[in-house]
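Asker: what's the 3D shape of this:
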Amino acid sequence: MKGQYAAFTDVAIMAAVRTPWVDLGGALAQVSPIDLGIKVGREVLARAGVDPHAVDSVLAGSMAQASFDAYLLPRHIGLYSGVPQHVPALGVQRICATGFELLHQAAGQVQGGAQLALCVGTESMSRNPIAAYTHRDGFRLGGEVAFKDFLWEALHDPAPGLDMIATAENLAKEYGLSREAVDRYALLSHQRGLAAQQCGWLAEEIVAVGNQVFELDGYQPRGIQLPRRINEVSQDSHPRASDLIALSRLHAVHAGGVQTAGNSCAVVDGAAAALVGPVSSHSPSPLAHLLASAVVGVAPQTMGIGPVPAIRLLLQRSGLTLGDIGRFEINEAQGAQVLAVAQALELDHERLNARGGSIALGHPLAATGLRLVMTLARQLREHNLRYGIAAACVGGGQGMAVLIENPLHH
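Answerer: Take a look at the predicted model:
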């Protein structure tokens, strides 16, 4: 099977954490993704009990140009997280699989001798700009003024001439998925996500975000300022009670289609971080062993099927079978998309997104992959399962998957 596969030896995810995922226009809407990244960067080091001076690589990703200093995002996240000046920083981008790519790049660096890599995925969907690309020389009298919504336009792939929802509609037709089936899956995601929140399970992977100043000796301070009357954000804002009747009343995005706002991923702001290093270094009990990654290209018009060949390549090259995998976390870009993936793999829902997925929680593009892996690792430890796979489709026609192992399995 064609694609890129990488196996890693003695590489571990030491710790991971994320901010709450907050709906578009919500409490985090005016916070720079750099500051969200600094927040989780500092927190993951604190949770791991690691001195920032032990870090010798910083990798960070964010899709949108969501602040004027966006070019400096990886570097500033590293510096304001306390990492020494001499440590370099690298920007990483693979759209919805950016979080996985961060881990892939970090694992490669660890295998090359790095002792500790700080990985941060951060996204402000709310701060996606209203942009113009053709007015550097000004505006002609009577000429067209072409400002567009970057967030809206980013969901459109001009190669096949389709938006991301339409690519899921193509899969719904190919796999015979009805509107009711897609709504039922969305309801399951909502129910699982809400239950995980209400019992406190999600809280263990979240750091609360409040007003805070980040100091750096010799440099300008920066920080987080929430809206008035909001002192702190401590949980995801999107999980909510729902039912099939409410979901069925929502209008399809495309006439006659199956995808709606209720059965597609929520648009949210948030950040996540992970520390990657050699097994047995820094932590006697890491969160997970990082075993392998796989990435493939698929047709842009059915980009949502990308996890299928990526997972198949991962299993084929690692010598495992679907039956060996205790849990799967597959990003819920759209309900029809994840159902098509599950159908193609003949994957049962008991092992898939058992704590809710992006339909319930949200999908801050660059941060999602780290959340999926963190959630997956925690489930493996909770249920004494050995292997888990996290995967996502990627706009433009790609799929990426990572294989992790529970270090405490017996």
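Asker: The nearest residue to Ala252 once chain neighbours are set aside and Ala333: what is the separation?
Answerer: Nearest residue to Ala252, sequence neighbours excluded (C-beta to C-beta, 6 or more residues apart in numbering): Thr260, at 5.6 Å. Quick note: C-beta positions are derived from backbone N, CA and C, even for glycine. From Thr260 across to Ala333, the span is 14 Å (C-beta to C-beta, to the nearest Å).
Asker: Name the residue in those two with the higher neighbour count.
Answerer: Counted by other C-beta atoms under 10 Å, Thr260 and Ala333 do not tie: Ala333 has more neighbours, with 29 against 22.
Asker: what does the model give that one for pLDDT?
Answerer: Turning to Ala333, the model gives it a pLDDT of 97.
Asker: and it, what does it touch?
Answerer: Cys96, Met164, Ala168, Ser264, Cys265, Gly304, Ser358, His363, Ala392, Cys393 (C-beta atoms under 8 Å, 6 or more residues apart in numbering).
Asker: residue ranges for the strands of the stretch 251-400 of the chain, please.
Answerer: 268-278, 288-297, 325-330, 387-394, 398-405 (DSSP state E, counting those that start in this stretch).
Asker: Kindly report the same for the stretch 101-250 of the chain.
Answerer: 117-123, 130-131, 148-149, 156-157, 162-163, 209-210, 212-214, 222-224, 232-233.
Asker: Let me see the mean pLDDT of the first one.
Answerer: Just to be clear, that refers to strand 117-123. For strand 117-123, the per-residue pLDDT averages 98.
Asker: ok, it: who's next to it in the sheet?
Answerer: Strands adjacent to strand 117-123 in the sheet, as given by DSSP bridges, are strand 57-61 (parallel), strand 268-278 (antiparallel).
Asker: would you put the C-alpha positions of the first one in CSV?
Answerer: As requested, the backbone C-alpha atoms of strand 57-61 are provided in CSV (Å, rounded to 0.1, in the frame of the first residue of the first chain):
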residue,chain,number,x,y,z
SER,A,57,13.1,21.5,20.3
VAL,A,58,9.9,23.5,19.9
LEU,A,59,7.3,22.5,17.2
ALA,A,60,4.1,24.4,16.8
GLY,A,61,1.2,24.6,14.3
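Asker: Need the mean per-residue confidence for that strand.
Answerer: For strand 57-61, mean pLDDT rounds to 98.
Asker: cool, stretch 262-271 as well?
Answerer: 97.
Asker: For Leu79, give me its contacts.
Answerer: Neighbouring residues of Leu79 by C-beta under 8 Å, 6+ apart: Gln85, Leu216, Tyr219.
Asker: ok so, going back, select, out of the strands of the stretch 251-400 of the chain, the one closest to Ala6.
Answerer: Ala6 sits nearest to strand 288-297 of all these, at 5.2 Å, using C-beta to C-beta.
Asker: What strands flank that closest one, and is each parallel or antiparallel?
Answerer: strand 4-7 (antiparallel), strand 11-18 (antiparallel), strand 398-405 (antiparallel).
Asker: Would you format these as CSV with distance to His190 included?
Answerer: Below are these laid out as CSV (distance: least, C-beta to C-beta, whole Å):
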stretch, distance to His190
strand 4-7, 35
strand 11-18, 19
strand 398-405, 25
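Asker: Now mean neighbour count too, for these, in a markdown table please.
Answerer: A markdown table is the format used below for these (neighbours: other C-beta atoms under 10 Å):
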| stretch | mean neighbour count |
| --- | --- |
| strand 4-7 | 16 |
| strand 11-18 | 26 |
| strand 398-405 | 27 |
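Asker: Compile the ones you listed into a markdown table and extend it with columns for mean pLDDT.
Answerer: Formatted as a markdown table, those follow (pLDDT from 0 to 100):
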| stretch | mean pLDDT |
| --- | --- |
| strand 4-7 | 98 |
| strand 11-18 | 97 |
| strand 398-405 | 98 |
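Asker: that older thread, of the strands of the stretch 101-250 of the chain, flag the one that's most buried.
Answerer: Ranked by mean neighbour count, the strands of the stretch 101-250 of the chain are led by strand 117-123 with a mean of 32 (mean count of other C-beta atoms under 10 Å).
Asker: what about that one, distance to the chain center?
Answerer: 10 Å (C-alpha atoms, centre = their mean, to the nearest Å).
Asker: Let me know the pLDDT of Ala154.
Answerer: 88.
Asker: For it, give me its contacts.
Answerer: The contact partners of Ala154, by C-beta under 8 Å, 6+ apart, come to Met63, Ala64, Asn128.
Asker: And the last one, how close does it get to Arg228?
Answerer: Distance of Asn128 to Arg228, computed by C-beta to C-beta: 23 Å.
Asker: Pick out whichever of these two has more residues nearby.
Answerer: Neighbours were counted for Asn128 and for Arg228 using other C-beta under 10 Å; Asn128 has more, 20 against 6.
Asker: isn't the more buried one right up against Lys148?
Answerer: No. The pair Asn128 / Lys148 is not scored as a contact, 10.8 Å apart, by C-beta atoms under 8 Å.
Asker: quick revisit: identify whichever of the strands paired with strand 288-297 lies nearest to Arg140.
Answerer: strand 398-405 (39.1 Å).
Asker: is it true that Ser32 touches Glu123?
Answerer: No. Applying C-beta under 8 Å, one finds Ser32 not in contact with Glu123, separated by 11.2 Å.
Asker: got any residues that touch both of these two?
Answerer: Taking C-beta under 8 Å, 6+ apart as the contact rule, the neighbours common to Ser32 and Glu123 are Ala66.
Asker: can I assume Asp157 is in contact with Met164?
Answerer: Yes. Counting by C-beta under 8 Å, Asp157 does reach Met164; the two are 7.4 Å apart.
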